[in-house]
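Novice: Fold the following, please.
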Amino acid sequence: MTSFEINLKEKRYQEDFNPLVRGCSCYSCKNHTRAYIHHLLVTNELLAGVLLMTHNFEHYFGFFQSIREALKSDRLAQLKELIHRQAC
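Specialist: Modelled structure (predicted):
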């Protein structure tokens with residue numbers, strides 16, 4: 001598991017009323033809490049996967065947009081360095 005991942009099935013998220021990621025503007029983060037998604041996961045509700053997928057797609061779309069912008073402005077090397085620093 002990386003520093004970017006959380007396991008919402010863990011009991012500590014049972015009463016965590018924060019969004020998945022603070023500052024995220026996706027539907028899941030704006031409308032649901034970690035505690036609610038924890039509940040959905042432990043009760044095997046299909047909505048949990050939908051909300052997590054919505055959140056992850058939002059981040060993937062933002063990532064790909066960053067790549068497109070870096071390519072247009074010839075800053076792909078700088079973006080690669082930034083991503084590498086964040087991942088390590």
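Novice: wait, what's in contact with residue 24?
Specialist: 30, 55, 58-59 (C-beta atoms under 8 Å, 6 or more residues apart in numbering). From N, CA and C alone the C-beta is placed, and that goes for glycine too.
Novice: same thing but at 10 Å, please
Specialist: When contacts are counted by C-beta atoms under 10 Å, 6 or more residues apart in numbering, residue 24 touches 30, 55, 58-59, 62.
Novice: Quick check: residue 77 vs residue 7, distance?
Specialist: Separation of residue 77 from residue 7 (C-beta to C-beta, to the nearest Å) stands at 34 Å.
Novice: Buried ones among the contacts of residue 24?
Specialist: For the contacts of residue 24, a burial check counting by 16 or more other C-beta atoms under 10 Å picks out 55, 58.
Novice: could the contacts of residue 24 go into CSV alongside pLDDT?
Specialist: Listed next are the contacts of residue 24 as CSV, based on pLDDT from 0 to 100:
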residue, pLDDT
30, 98
55, 97
58, 96
59, 92
62, 93
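Novice: ok, so of the contacts of residue 24, who is nearest residue 81?
Specialist: residue 62 (18.1 Å; C-beta to C-beta).
Novice: From the chain's centroid, how far away is the helix or strand containing that closest one?
Specialist: Taking DSSP states H and E as the criterion, residue 62 maps to helix 46-72. In terms of C-alpha atoms, centre = their mean, to the nearest Å, the centre of helix 46-72 is found 8 Å from the chain centre.
Novice: just for this protein, where's the confidence low?
Specialist: 1-3 (pLDDT under 70).
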